[in-house]
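Asker: starting from these lines, generate the structure:
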Amino acid sequence: MVAEAGSRFLVMRRDLHDVRITPDSDAPAARALAEGEARLRVDHFALTSNNITYAAFGEAMKYWQFFPTEQAAWGCIPVWGFASVIESRAEGVGVGQRLYGFLPMGTHLVVRPRRLGAFGFVDGSVHRGDLPAVYNHLTFCASDPAYNALQEGQQAVLRPLFTTSFLIDDFLHEAGFFGARQVLLSSASSKTAYATAFCISRRAERPRIMGLTSPEHAEFARSLGCYDDVLCYDDAPSLPAATPTTYVDFAGHAALRQTLHRHFANALTYSCSVGGTHWKELGGASGLPGPRPVLFFAPSQLKRRSAAPPEGWGAAGLQERLGEAWQALMQRVNDPDHPWLHIRSAQGAAAVESCYRALLSGHVDAREGLMLAL
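Answerer: Reported below is the predicted structural model:
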């Protein structure tokens, strides 16, 4: 029997428009398993603007290191999705087990399970040793209380984004929203932004939640009901300049950041940089009026909240809070009369490339969630 070669989707690190499909370096045809390793088949994965952020910040945030390629100029974008064990030489990991976690845009992944437990394991591969632990953990679906086989699409598309959103809300609330009377969120139609707005909106005492987005996405953002108001980007300067404001930047648009910093100046109480949905307009943040933008790194807040009380909530306490908020979001997302999300599935190299290019250019329906397979 001929061993399967599989395929991987790679992008040029310095030009995200340049892509290629190559044989998968973790496929059976590429390498045999060593003792202590297991081979996963990537069943399907979500592709969102969050993955474009991973690529845009690939060098600075080490995202290219998770799934290294043989050619340094090319990178494999990490994605969240589901995989099945198809071969194992790792004790405690059996063929047929289904997993959820951080995966390559490809067909296979070889892992070296460590810290194996009832809920999953950590990939202990050498090249992942200095990377954030939250990305290295793979969860057994059979033991995951949040898993629903009928909602794999919603989980893969929204769960990683929602964890970030939950932590942003927690960070801002812990800081008293930095004294702001309004929180301004760019890229308001993006899933991470509207999930953050949803978390803030559930608090009894909170600032006003303002969304900024493009004209074509404004109606959708307003329809969600988690923003107090939604404005188009060009209308942002119409906001009262003296209102104490915290800016949460999901767009990464340098010109917009400059406009808001100059408009609010010292009334801007905090400037939080999260993503890069407008990845082509990314730029520096030096020399701006008001506070210097600070990058929000979700794993740092996650580590703080996972610590034992009184410093944190403990691992169980964190999962309990996350789970409650996730279930509340799912009720809104899957509202039969007004669903926030429609899952669209596609398979094959051509389909994946087409979806990737549409996402890269911003031409994806805000209500759509992509679940793909190579």
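Asker: from here on, contacts and neighbour counts on C-alpha atoms
Answerer: Noted.
Asker: centre of the chain to the lengthiest helix in the chain, how far?
Answerer: Counting residues, the longest helix found in the chain (DSSP state H) is helix 152-174. Centre-to-centre, helix 152-174 and its host chain are 8 Å apart (CA atoms, centre = their mean, to the nearest Å).
Asker: ok, Ala251 - how many residues close by?
Answerer: Ala251 is flanked by 27 other residues according to other CA atoms under 10 Å.
Asker: oh, that last question was meant for Asp337, not what I typed.
Answerer: 7.
Asker: report the contact partners of Val333.
Answerer: 339-341 (CA atoms under 8 Å, 6 or more residues apart in numbering).
Asker: sketch out the helices for the chain, chain order is fine.
Answerer: Going by DSSP H, the chain shows helices at 49-56, 133-136, 152-174, 191-201, 215-223, 254-264, 298-306, 314-333, 349-360.
Asker: pull the residues that contact the fifth one.
Answerer: So the one you mean is helix 215-223. 188-189, 194, 211, 213, 227, 229-233, 366-367.
Asker: what comes up buried for that helix?
Answerer: When neighbours are counted by 16 or more other CA atoms under 10 Å, the buried residues of helix 215-223 are found to be 217-218, 220-222.
Asker: what about Ala133, distance to Pro113?
Answerer: 13 Å (CA to CA, to the nearest Å).
Asker: let me fix that, I meant to ask about Gln331.
Answerer: Taking CA to CA as the measure, Gln331 falls 34 Å from Pro113.
Asker: who has more neighbours out of those two?
Answerer: Pro113 (23 against 12).
Asker: before we move on, back to that, pick the one among the contacts of helix 215-223 closest to Gln154.
Answerer: Arg367 (11.7 Å; CA to CA).
Asker: who's Tyr100 bridged to?
Answerer: Phe82, Thr139 (DSSP bridges).
Asker: so it versus Gly323, what's the distance?
Answerer: Tyr100 is 16 Å from Gly323, by CA to CA.
Asker: between these two, which has more neighbouring residues?
Answerer: More neighbours surround Tyr100 than the other of Tyr100 and Gly323, with 23 against 15 (other CA under 10 Å).
Asker: what residues are up against that one?
Answerer: Neighbours of Tyr100 in contact, by CA under 8 Å, 6+ apart: 80-83, 138-141.
Asker: let me know the pLDDT of Ser286.
Answerer: What the model reports for Ser286 is a pLDDT of 60.
Asker: how far does stretch 11-29 sit from the chain's center?
Answerer: Averaging C-alpha positions (CA atoms, centre = their mean) puts stretch 11-29 20 Å from its chain's average.
Asker: list the buried residues in stretch 343-352.
Answerer: 345-346, 349, 352.
Asker: any chance of these in TSV, plus distance to Thr69 and pLDDT?
Answerer: Below are the buried residues of stretch 343-352 laid out as TSV (distance: CA to CA, whole Å; pLDDT from 0 to 100):
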residue	distance to Thr69	pLDDT
Ser345	27	96
Ala346	25	97
Ala349	18	96
Val352	19	97
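Asker: could you work out the most separated pair of the residues you listed?
Answerer: Using CA to CA, these span at most 13.1 Å, a distance reached by Ser345 and Ala349.
Asker: picking up where we left off before, and the longest helix of the chain, which residues are buried?
Answerer: Within helix 152-174, the residues that count as buried by 16+ other CA under 10 Å are 152-173.
Asker: could you report the neighbour count for Asp130?
Answerer: Neighbours of Asp130 using other CA under 10 Å come to 9.
Asker: repeat that for His44.
Answerer: 26.
Asker: for it, which non-adjacent residue is spatially closest?
Answerer: Distances taken as CA to CA, 6 or more residues apart in numbering place Ala373 nearest to His44, at 4.6 Å, with adjacent residues excluded.
Asker: how about Ala142?
Answerer: Nearest non-adjacent residue to Ala142, counting by CA to CA, 6+ apart: Arg98, 7.4 Å away.
Asker: doesn't Phe140 make contact with that neighbour?
Answerer: Yes: judged on CA atoms under 8 Å, Arg98 makes contact with Phe140 at a distance of 6.0 Å.
Asker: shared neighbours, Ala133 and Pro113?
Answerer: Val122.
Asker: any weak-confidence spans in the protein?
Answerer: Across the chain, the ranges flagged by pLDDT under 70 are 1-2, 275-286.
Asker: the protein - how does it break down into domains?
Answerer: 8-144+342-373, 156-301 (automatic domain parsing).
Asker: mind putting these in CSV, distance to Ala316 included?
Answerer: Formatted as CSV, the domains of the chain follow (distance: least, CA to CA, whole Å):
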stretch, distance to Ala316
domain 8-144+342-373, 13
domain 156-301, 15
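Asker: tell me which of the ones you listed lies nearest to Ala308.
Answerer: For these, proximity to Ala308 was assessed by CA to CA; domain 156-301 is nearest, at 13.5 Å.
Asker: quote the end-to-end distance of the closest one.
Answerer: First residue to last in domain 156-301 (CA to CA) measures 21 Å.
Asker: got it, and stretch 273-289?
Answerer: End-to-end distance (CA to CA), stretch 273-289: 15 Å.
Asker: now, which of the contacts of Tyr100 sits nearest Leu260?
Answerer: Checking the contacts of Tyr100 against Leu260 with CA to CA, the nearest one is Trp80 at 32.7 Å.
Asker: just give the closest residue to that closest one, not the sequence neighbours.
Answerer: Leaving out its chain neighbours, the residue that sits closest to Trp80 by CA to CA, 6+ apart is Phe102, at 4.7 Å.
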